[in-house]
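Engineer: coordinates only, sequence not included:
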């Protein structure tokens, strides 16, 4: 499941379009963060990955045998978490009402990540990504004080 980039700063995983893949991907992320000495962001990173991967599993249609790809990239004192899927449909940040059971995933990502966005893939699909750093004062405590850090359509960097 895991591939490490040649420089040791990237871990790539491929996952079945199934809810159990979320816990497997979280275990891979936990190992990567430990190897990079980034355990201070582990709790927050686990939540962000869970939300992004769950969205890809719930809201994308795939052909038999097609997988969802995750990438964890070491960036300075933090990590970039990417979830690639074959859907061109962009996720939307919503303001869900209290009586709705779903729709809060990207709200959590917005609150927890330093920045996040959506990048179209060159051939098909998209990558939804989030960057978390260990330098914030509230790292390891969950929420980052309610500051707004990114927008779904921000930063089209082509990766």
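Structural biologist: Nice, thanks for sending it over. The structure displayed is predicted, hence computed values, not measured ones.
Engineer: quick one: strands adjacent to the host helix or strand of residue 127?
Structural biologist: Residue 127 belongs to strand 126-133 when assigned by DSSP states H and E. Using DSSP bridges, strand 126-133 pairs in its sheet with strand 78-85 (antiparallel), strand 115-120 (antiparallel).
Engineer: now the strands for the chain?
Structural biologist: Ranges of strands within the chain are 2-4, 10-15, 68-75, 78-85, 115-120, 126-133, based on DSSP state E.
Engineer: Now the fifth one: buried residues?
Structural biologist: Neighbour counts using 16 or more other Cβ atoms under 10 Å place 115-119 of strand 115-120 among the buried residues. C-beta coordinates here come from the backbone N, C-alpha and C atoms, glycine included.
Engineer: which of these lies closest to residue 24?
Structural biologist: Each of those was scored against residue 24 by Cβ to Cβ, and residue 116 proved nearest at 22.3 Å.
Engineer: pretty sure the closest one contacts residue 128?
Structural biologist: Yes. Using Cβ atoms under 8 Å, residue 116 is in contact with residue 128, at 7.5 Å.
Engineer: before we move on, back to that, between the strand holding residue 127 and strand 68-75, how many degrees?
Structural biologist: For strand 126-133 against strand 68-75, the angle by axes from the mean of the first three to the mean of the last three Cα atoms, to 10 degrees is 30 degrees.
Engineer: Relative to residue 39, which of the strands of the chain is closest?
Structural biologist: That would be strand 78-85 among those, by Cβ to Cβ, at 11.1 Å.
Engineer: Below-threshold pLDDT in the chain: ranges please.
Structural biologist: For the chain, residues meeting the criterion pLDDT under 70 lie at 1-7, 62-65, 94, 96-104, 136-159.
Engineer: quick one: the helices in it?
Structural biologist: For the chain, helices defined by DSSP state H occupy the ranges 20-36, 42-59, 105-112.
Engineer: tell me what the last one is packed against?
Structural biologist: Spelled out, it's helix 105-112. Applying 3 or more Cβ pairs under 8 Å, 6 or more residues apart in numbering; DSSP states H and E, we find helix 105-112 packed against helix 42-59, strand 126-133.
Engineer: So which of the ones you listed has the densest surroundings on average?
Structural biologist: Greatest average neighbour count among these goes to strand 126-133 (a mean of 23), per mean count of other Cβ atoms under 10 Å.
Engineer: Need the residues that contact that strand.
Structural biologist: For strand 126-133, the surrounding residues in contact (Cβ atoms under 8 Å, 6 or more residues apart in numbering) are 41, 44-45, 48, 52, 55-56, 71, 75-85, 87-91, 109, 112-121, 139, 150, 159.
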